[in-house]
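Chemist: Sharing a model prediction with you, sequence too.
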2 protein chains.
Amino acid sequence: MAWPAQMVVEPGDEISGLPEEGNGQPAPTGTRTGPASSLENQEGRGQQGFEGPEKTLEIEFEPDVGHEEGLRAIRREQWDAILEQAQCHILHQRGNDHFDSYVLSESSLFVYKSKLVLKTCGTTTLLRCLPLLTVVSKNYGLNLEWIGYSRKNFTFPTDQTYPHTSFAEEVDFLQGMFSGSAYVHGPLNSDHWYTYVADDCKKSTNAAADRTLNMMMYDLEPEVAQNFYKTDKIQTGEDVSSRSGIKSVLPNAALQDHLFEPCGYSMNALEGQAYYTVHVTPEPDFSYASFETNVRLPDYDALVRGVLEVFRPRKFTMTLFGEDSGIEDIKQSPFDYSDIACGPTSASSTSARYERTLKTTTNFSGDYFSQMGNWVREQSAAAAATPT
Amino acid sequence: MAWPAQMVVEPGDEISGLPEEGNGQPAPTGTRTGPASSLENQEGRGQQGFEGPEKTLEIEFEPDVGHEEGLRAIRREQWDAILEQAQCHILHQRGNDHFDSYVLSESSLFVYKSKLVLKTCGTTTLLRCLPLLTVVSKNYGLNLEWIGYSRKNFTFPTDQTYPHTSFAEEVDFLQGMFSGSAYVHGPLNSDHWYTYVADDCKKSTNAAADRTLNMMMYDLEPEVAQNFYKTDKIQTGEDVSSRSGIKSVLPNAALQDHLFEPCGYSMNALEGQAYYTVHVTPEPDFSYASFETNVRLPDYDALVRGVLEVFRPRKFTMTLFGEDSGIEDIKQSPFDYSDIACGPTSASSTSARYERTLKTTTNFSGDYFSQMGNWVREQSAAAAATPT
């Protein structure tokens, strides 16, 4: 690898406290009414509540270098060993001509020939995968050339362990392996998004027009959250996908859905070269749902509204990250509007309107960009939708 | 004032270390060749070098409320007391129909009827002005409705004192008085810009189209830096303004220029409603120049290139902050280009080209925005301009 091991802390630098983390609300106390656990693997559960918001790694390797299958040549036992570093494991595997999809005990892994996306939630230790992954990929002759790490501010930051106890610690860990740059997007004392990028290439032309849309949704409506608990009527992930409306949002995708005991839901979907993934933590004190996809649409409006209609959150953060040529492909960006409206989805629900409180756009020199915005549901509509 | 005293640290939050501060280069050691002091008031000088990059406060008051002269009614002895909190004092005063301009021992103060801009450099304690300023402005019946605080990452952060030892400390101080949001723009482990904004109003229509352009320039060419030392040929601020080319960049403005002993330069300029201000720290180990203006131009390109031709820095950070209607007024923004070129200014200099390494744009809900970009001089041009 061409990157020097470079410390993030230069002489003259200061490692200084910044207001960080938390959801801007008091932490839940003894008022919890939800179940004690939302996921089968309880090792990842902290003291205060379940950390739904995921840590995400995207790594790209030089195309057509090394093993002809690229990353897809990595064997299951090797993935098991790599994921063990993050304290999670594979529940289901499925593949198509373009990529392999894994539903994990905590979130998801997608493996293309020259790219992987790994998302893990809870108190998993995602970055600890990197040293072993680097060795394994080298064994297949693969050349890592781009890495991006990102996450929302944690709701329960003090539950995290090394190297995730702060963004500074995460950046130090990454700078021990790569030479990149770290950013905070959005207000430090409210909903913000951390990113770290190390770029050792002009991203290859076959990756051009790449973009990833991510929606991180908080405080789901109670009647929505009910769809993600195991009950007499809801026994399987497939039941949840149908009943919640998720299947209708992705009518052409092959779904891998999983319902956790006693609640919680993970879904990966495959549609040609595109992946979709949904993860839901339904407990009322810290309910959260995420939606992410790399599908290349000229217009994301219908998709974004469809997702909001499924989850009806009180607030959400949306991010778009990709190649400059990727954003140029987008004719109608949901970031262009200060408001997003979505219609009623059932007789008992009403329409909802989300007001954008902030938008940031960052243009990097390597011809890629990120956008991040915060939206909050307008009070009147929310009140109307939740009759008292 | 309508703002509650709200702590930035909510329950569940974490005050966590972020990689912060420093200029990404080793701190100067025993290799200093510059003079021991660049400013008359040496109290502000730290152990390592002079902190050129300024702290900036912009405060707006409700128009046509309180004293008919607004902030301009505040008496000199009151300003003296307020500025004493920041550990600086007034050197020169000048006014026109629209505002009063003060050159300070460390940077500048501009006072309009319903707005003030206060910039202080070194180890001044700018935020400590706020409690007294709040009392004094209330005594004149004025109603504070918008406050913005911003600064670059410090080169010598450990020289700063309370409440400026970290951005977290600054934000805590501000949140003790206001309810605002804090941001970091740009890479945390390189050149970044901190902002804090508390907005208690729809900014008034007479403030609409407001915008402030700020250039923070590092590592001036040695032959440029020579212009800012007191010598036999250079005795006054006026000498510096002419010789450096600054006067030519602002041909229609009334200049208040000051040359410090043995080096360093401050200049305020008045042109109708617009102010310009330039501050130069010429010592080679930490040379720095800043240029800021609120002039409303449809095209800033000539101005930006003119400033770069005067200072010829190795790198600079540029920011633009203002009303949405202000950016809409701008037909040609220097942020639109990935490169900025400026021509040779003398027989011995060559042209220089600056490459943008990053640009961020933040749109706030209160109809204002900020842009921030980092530019670095291309190596070849820099080498050619400094013959060895």
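Modeler: Nice, I can see it. Numbering: from 1, shown residues only, chains lettered A, B, ... in the order given.
Chemist: mind listing what's buried in stretch A:250-262?
Modeler: For stretch A:250-262, the neighbour count (16 or more other CB atoms under 10 Å in any protein chain shown) marks A:250, A:253, A:255-260 as buried. Yep, even glycine has a C-beta here, placed from its N, CA and C like the rest.
Chemist: In contact with the residue most central in space within chain A, which residues?
Modeler: With distances taken as CA atoms, centre = their mean, A:Glu54 lies nearest the centre of chain A, 5.0 Å away. Applying CB atoms under 8 Å, 6 or more residues apart in numbering or on different chains, one finds that A:Glu54 lies in contact with A:107, A:119-121, A:151, A:279, A:290.
Chemist: Neighbour count and distance to chain B added to those, as a markdown table?
Modeler: Formatted as a markdown table, the contacts of A:Glu54 follow (neighbours: other CB atoms under 10 Å in any protein chain shown; distance: CB to the nearest CB, whole Å):
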| residue | neighbour count | distance to chain B |
| --- | --- | --- |
| A:Ser107 | 27 | 22 |
| A:Lys119 | 25 | 22 |
| A:Thr120 | 27 | 20 |
| A:Cys121 | 29 | 17 |
| A:Arg151 | 23 | 13 |
| A:His279 | 27 | 21 |
| A:Ser290 | 27 | 20 |
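Chemist: which one of those is nearest B:Leu174?
Modeler: Distance to B:Leu174, by CB to CB, is smallest for A:Arg151 among the contacts of A:Glu54, at 26.3 Å.
Chemist: so how far is chain B from A:Ile62?
Modeler: Residue A:62: Glu, not Ile. 23 Å (CB to the nearest CB, to the nearest Å).
Chemist: After the lengthiest strand in chain A, which helix or strand is next? Please name it.
Modeler: Secondary structure of chain A per DSSP state E: the longest strand is strand A:352-364. Counting by DSSP states H and E, the next helix or strand C-terminal to strand A:352-364 is strand A:368-377.
Chemist: how about the closest residue to A:Thr361 other than its chain neighbours, what does it touch?
Modeler: The shortest distance from A:Thr361 to any non-neighbouring residue, by CB to CB, 6 or more residues apart in numbering or on different chains, is to B:Thr361 (4.5 Å). Going by CB under 8 Å, 6+ apart, B:Thr361 touches A:360-362, B:335, B:369-371.
Chemist: Now do the phi/psi pair for the nearest residue to A:Gly343 once chain neighbours are set aside.
Modeler: Distances taken as CB to CB, 6+ apart put A:Ser351 closest to A:Gly343, at 5.2 Å, once the chain neighbours are dropped. Backbone geometry at A:Ser351, expressed as degrees, to the nearest 10, gives phi -70, psi 160.
Chemist: How many residues are close by A:Ser351?
Modeler: Neighbour count for A:Ser351, taken as other CB atoms under 10 Å in any protein chain shown: 13.
Chemist: And for A:Ala182?
Modeler: Count around A:Ala182 with other CB under 10 Å applied: 26.
Chemist: Packing partners of the helix or strand harbouring it?
Modeler: Using DSSP H and E, A:Ala182 sits in strand A:181-185. When contacts are defined as 3 or more CB pairs under 8 Å, 6 or more residues apart in numbering or on different chains; DSSP states H and E, strand A:181-185 packs onto helix A:167-175, strand A:193-199, strand A:352-364, strand A:368-377, strand B:181-185.
Chemist: in its sheet, what does the longest one sit against?
Modeler: Each strand paired with strand A:352-364, and its direction, by DSSP bridges: strand A:339-342 (antiparallel), strand A:368-377 (antiparallel), strand B:352-364 (antiparallel).
Chemist: That one vs strand B:181-185, what angle?
Modeler: Going by axes from the mean of the first three to the mean of the last three CA atoms, to 10 degrees, strand A:352-364 is angled at 30 degrees with respect to strand B:181-185.
Chemist: Please identify the buried residues of strand A:352-364?
Modeler: Applying 16+ other CB under 10 Å to strand A:352-364 flags A:352, A:354, A:356-364 as buried.
Chemist: Of all pairs in those residues, which one is the farthest apart?
Modeler: A:Ala352 and A:Phe364 (33.7 Å).
Chemist: hang on, the earlier thing: among the contacts of A:Glu54, which pair sits farthest apart?
Modeler: That would be A:Arg151 and A:His279, which, of the contacts of A:Glu54, are the farthest apart (CB to CB) at 13.3 Å.
Chemist: and the stretch 251-388 of chain A, which residues reach chain B?
Modeler: A:338, A:355-365 (CB under 8 Å from any CB of the partner chain).
Chemist: pLDDT added to those residues, as JSON lines?
Modeler: JSON lines is the format used below for these (pLDDT from 0 to 100):
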{"residue": "A:Ser338", "pLDDT": "82"}
{"residue": "A:Glu355", "pLDDT": "95"}
{"residue": "A:Arg356", "pLDDT": "95"}
{"residue": "A:Thr357", "pLDDT": "94"}
{"residue": "A:Leu358", "pLDDT": "94"}
{"residue": "A:Lys359", "pLDDT": "95"}
{"residue": "A:Thr360", "pLDDT": "96"}
{"residue": "A:Thr361", "pLDDT": "95"}
{"residue": "A:Thr362", "pLDDT": "95"}
{"residue": "A:Asn363", "pLDDT": "92"}
{"residue": "A:Phe364", "pLDDT": "89"}
{"residue": "A:Ser365", "pLDDT": "81"}
